[in-house]
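Engineer: sequence and predicted structure below; questions after.
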Amino acid sequence: MAIASTGLAQQSAKDISDKRPAFAVVSVRQEKTCSQGGYQGGPTANGYQIKGQLIFLIYRAYGIKSDNEIAQVPQWANSECFNVEVRLDDDAMPAFQKLSLIQQQEQSNLMLQQLLEDRFGLKTHYEQRMIPVYNLVVAKGGPKLTKSEVPVSTFGFASGRDFINCGGTSGLIRGLSNFVGRTVIDKTGLTEAYDIKLKFAPMMAEDDPRPSIFTALQEQLGLKLESAKSSVDVLVIDHLDQPTPN
């Protein structure tokens, strides 16, 4: 993508529903507390577990990278925390495990969309809106990227409050959008596999000697962010229910 779009807006709801698998077993429990500003979780023996505010589960399911890519979020979805555990049928696991990491993530996100519809009554549509974005471009002097010896499809993605590790610019776009609060659009023209490791001072951190994410991007990767406006697919929430726990 110019990575402003999730790509789902170009498909009809029926097309997506027809292609989308579902989890065999689902457990949704409301939690009293959870980490602020994101979600925790990861793979289990035959599925995965996610814990966080509902809004971040929606982010995960629909590939939302920044707050300006989603609209009409109920206030409770920003504050109430849920622990979601999902499991695939034993018969489905071998085929799932043969997928690349990127394909597993795409498959899991589609199943999470189905879960949100079934258990939270989520209904959505997309609208094209002109919003502030950042364009990711090559800085003066050229990129400072290390080519990877393995394809991007085998890379995972990891980020914390002061780092982004990924393979290729698509993962970098995802991480940057989370940190800078705007959709980031890839204008670099770089399509090969790269081993990307970016380190920076946490946002809003005081007295941290490390560079800001904007400065680190130029110094470490030879890339920079430029302010712009662009027409972007925005996910609009039409309906969302608080679920009955099980």
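Structural biologist: Cool, got the structure.

Engineer: can we go C-alpha only for contacts and neighbour counts from here?
Structural biologist: OK.

Engineer: what backbone torsions are found at the residue nearest the centre of the chain?
Structural biologist: Residue closest to the mean C-alpha point of the chain, counted by C-alpha atoms, centre = their mean, is Gly63 at 4.4 Å. Backbone torsions for Gly63, taken as degrees, to the nearest 10, come to phi 70, psi 30.

Engineer: give me the pLDDT value at it.
Structural biologist: If you check Gly63, the pLDDT there is 86.

Engineer: from Gly52, how far out is it?
Structural biologist: 16 Å (C-alpha to C-alpha, to the nearest Å).

Engineer: next: Leu116.
Structural biologist: 14 Å.

Engineer: who has more neighbours out of the two?
Structural biologist: Between Leu116 and Gly52, Gly52 has the larger neighbour count (other C-alpha atoms under 10 Å), namely 25 against 19.

Engineer: may I see the buried residues of the helix or strand that one falls within?
Structural biologist: For Gly52, the host element (DSSP states H and E) is strand 47-53. Residues of strand 47-53 classed as buried: 47, 49-53 (neighbour count, 16 or more other C-alpha atoms under 10 Å).

Engineer: same question, stretch 196-210
Structural biologist: 196-202.

Engineer: which residues are in contact with Glu85?
Structural biologist: Residues near Glu85 by C-alpha atoms under 8 Å, 6 or more residues apart in numbering: 26-28, 47-50.

Engineer: for the helix or strand hosting Ile102, packing partners?
Structural biologist: Element membership of Ile102, judged by DSSP H and E, is helix 101-120. Other elements packing on helix 101-120 under the criterion 3 or more C-alpha pairs under 8 Å, 6 or more residues apart in numbering; DSSP states H and E are helix 54-62.

Engineer: in CSV, list the C-alpha atoms belonging to the helix it packs on.
Structural biologist: As requested, the backbone C-alpha atoms of helix 54-62 are provided in CSV (Å, rounded to 0.1, in the frame of the first residue of the first chain):
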residue,chain,number,x,y,z
LEU,A,54,-11.0,-3.2,23.3
ILE,A,55,-9.9,-0.4,21.1
PHE,A,56,-6.5,-2.0,20.6
LEU,A,57,-8.0,-5.4,19.8
ILE,A,58,-9.9,-3.6,17.0
TYR,A,59,-6.6,-1.9,15.9
ARG,A,60,-5.0,-5.4,15.7
ALA,A,61,-7.9,-7.0,13.8
TYR,A,62,-8.2,-4.3,11.1
